[in-house]
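A.B. asks: next come a sequence and a model predicted from it.
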Amino acid sequence: MKRLSGWLFAPMPVARVAVLRWLVFAFVIIDVLLLHTSGWYHGYADPVWYEPLVMGKVLHLPAASVLLVQGLKWGCVLAALAAMTGRAPRLLGWAVAVGWIWYQYVAFSYGKVDHDRADFVVALALLPTVGLAHLSDRRRSEAAGFALRAVQMAAVATYFLSAWAKLRFGGVEWVNSATMVRAVVRRGTPWAEWLLEVPWTLHAAQWGLMIAEITAPVIFLLSERWRRRAVAGWFVFHAMTYAAITIAFWPHLVMMLAFLPLEEYADRLRARWGRSRAGRWWVERKVGGVSSGAELPEASTPVSHRAAGAG
């Protein structure tokens, strides 16, 4: 139990949580306004079509109305914009979580439930528990470690449980079925339609997908370098899937970023911005705003990559 607890609560950079939270809130805005917008028109649906899910039955949530869905939609956007500032992280973070989850509930209470959003719920619920977190924060904390680890486990479970569902309902024969062929016939793009002329490729793809999904938990045993490569491999897979049949698991892709050293990438972007012409202009403008009677800060000595907190 001590080893398990040490793994679950291993201290991780607080700055990584800050970056991931910013990306999560940015995605909420994009998702509500551009990607998953079906919730808004359910407000016009006859309540007779409303079929409460488990959450709705437990919490006695009402059928959608125009006022409700519009309030949830724009409430999500405003709360996410406010949360991206980093202020009141728990209050604003959980406000975004309640609004987005309820908005998704409205969308799914009149049809199918998309399984690619489960890990995103975990992120919305747990990332606010870390509290204040800034990009320049070099602390490590167990709270950050647990939140990131939970998101990682939820992301991996999405793959593993997908494979389990295939075996549970389709049996071992699923890998030899025509599922991929049917998907390409129904919604294939010109990039994938030629595969119908070479059916063994789709057959092999099913085997590859099953093996990749069922072995997804192995990512926790990999070194940092190979973990990054594994995440890159999953992103390539999802890019190929979207190019072939226009299916993308957008919120899940955001959650896979929890495996990466996001704070390092943020440091590199800020350093590159500082060296750019626009970045130098911005710094000069800020320095020029200092009153003539005030002392300008001395030029700081460049620090090493490790000292900058990128390690």
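C.D. replies: Perfect, I can see it now.
A.B. asks: give me phi/psi at M12?
C.D. replies: phi -130, psi 160 (degrees, to the nearest 10).
A.B. asks: would you map the helices across the stretch 1-150 of the chain?
C.D. replies: 2-8, 14-30, 38-41, 54-59, 66-83, 89-108, 118-126, 142-170 (DSSP state H, counting those that start in this stretch).
A.B. asks: which of these has the lowest mean pLDDT?
C.D. replies: When those are ranked by mean pLDDT, helix 38-41 comes last with a mean of 74.
A.B. asks: only the buried residues of that helix, if you could.
C.D. replies: Using 16 or more other C-beta atoms under 10 Å as the test for burial, helix 38-41 gives S38, G39, W40. The way it works is simple: take the backbone N, C-alpha and C, and place the C-beta from them, glycine included.
A.B. asks: quick check, nearest of those residues to A15?
C.D. replies: Nearest to A15 out of the buried residues of helix 38-41 is G39 (C-beta to C-beta; 33.2 Å).
A.B. asks: next one: the closest one from M255, what distance?
C.D. replies: As for G39, its distance to M255 is 21 Å (criterion: C-beta to C-beta, to the nearest Å).
A.B. asks: go on, T158?
C.D. replies: In terms of C-beta to C-beta, T158 sits 8 Å off from M255.
A.B. asks: same thing with G145?
C.D. replies: Relative to M255, and taking C-beta to C-beta, G145 is found at 16 Å.
A.B. asks: tell me which of these two has more neighbours.
C.D. replies: M255 (27 against 22; other C-beta atoms under 10 Å).
A.B. asks: circling back to that earlier point, okay if I get the helices of the stretch 1-150 of the chain as a markdown table plus distance to I211?
C.D. replies: Below are the helices of the stretch 1-150 of the chain laid out as a markdown table (distance: least, C-beta to C-beta, whole Å):
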| stretch | distance to I211 |
| --- | --- |
| helix 2-8 | 25 |
| helix 14-30 | 29 |
| helix 38-41 | 33 |
| helix 54-59 | 32 |
| helix 66-83 | 37 |
| helix 89-108 | 30 |
| helix 118-126 | 21 |
| helix 142-170 | 9 |
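A.B. asks: who wins for proximity to P217 among these?
C.D. replies: Across the helices of the stretch 1-150 of the chain (criterion: C-beta to C-beta), the nearest stretch is helix 142-170, sitting at 5.5 Å.
A.B. asks: just the buried residues of the closest one, please?
C.D. replies: For helix 142-170, a neighbour-count test (16+ other C-beta under 10 Å) marks 142-159, 162-163, 166 as buried.
A.B. asks: other SSEs contacting that helix?
C.D. replies: If you count contacts as 3 or more C-beta pairs under 8 Å, 6 or more residues apart in numbering; DSSP states H and E, helix 142-170 packs onto helix 2-8, strand 12-13, helix 14-30, helix 118-126, helix 199-214, helix 250-256.
A.B. asks: please enumerate residues in contact with stretch 247-262?
C.D. replies: Stretch 247-262 is contacted from outside by 13, 15-16, 19-20, 23-24, 27, 31, 35, 116-117, 119-120, 122-123, 148, 151-152, 154-155, 158, 187, 219, 224, 227-228, 230-231, 234-235, 238, 241-242, 310, using C-beta atoms under 8 Å, 6 or more residues apart in numbering.
A.B. asks: and it, which residues are buried?
C.D. replies: 249-262.
A.B. asks: of the residues you listed, closest to G75?
C.D. replies: P251 (18.5 Å).
A.B. asks: and that closest one, how close does it get to L124?
C.D. replies: From P251 to L124 the distance is 10 Å (C-beta to C-beta).
A.B. asks: again, but for M55
C.D. replies: M55 is 14 Å from L124, by C-beta to C-beta.
A.B. asks: what touches both of T158 and M255?
C.D. replies: D119.
A.B. asks: any idea which residue is closest to the centre of this protein?
C.D. replies: V254 (2.3 Å; C-alpha atoms, centre = their mean).
A.B. asks: of all the helices of the stretch 1-150 of the chain, which one is nearest A212?
C.D. replies: helix 142-170 (7.4 Å).
A.B. asks: list the buried residues in the very next helix or strand once past that closest one.
C.D. replies: Per DSSP states H and E, the first helix or strand lying C-terminal to helix 142-170 is helix 179-187. Buried residues in helix 179-187, counted by 16+ other C-beta under 10 Å: T179, M180, V181, A183, V184.
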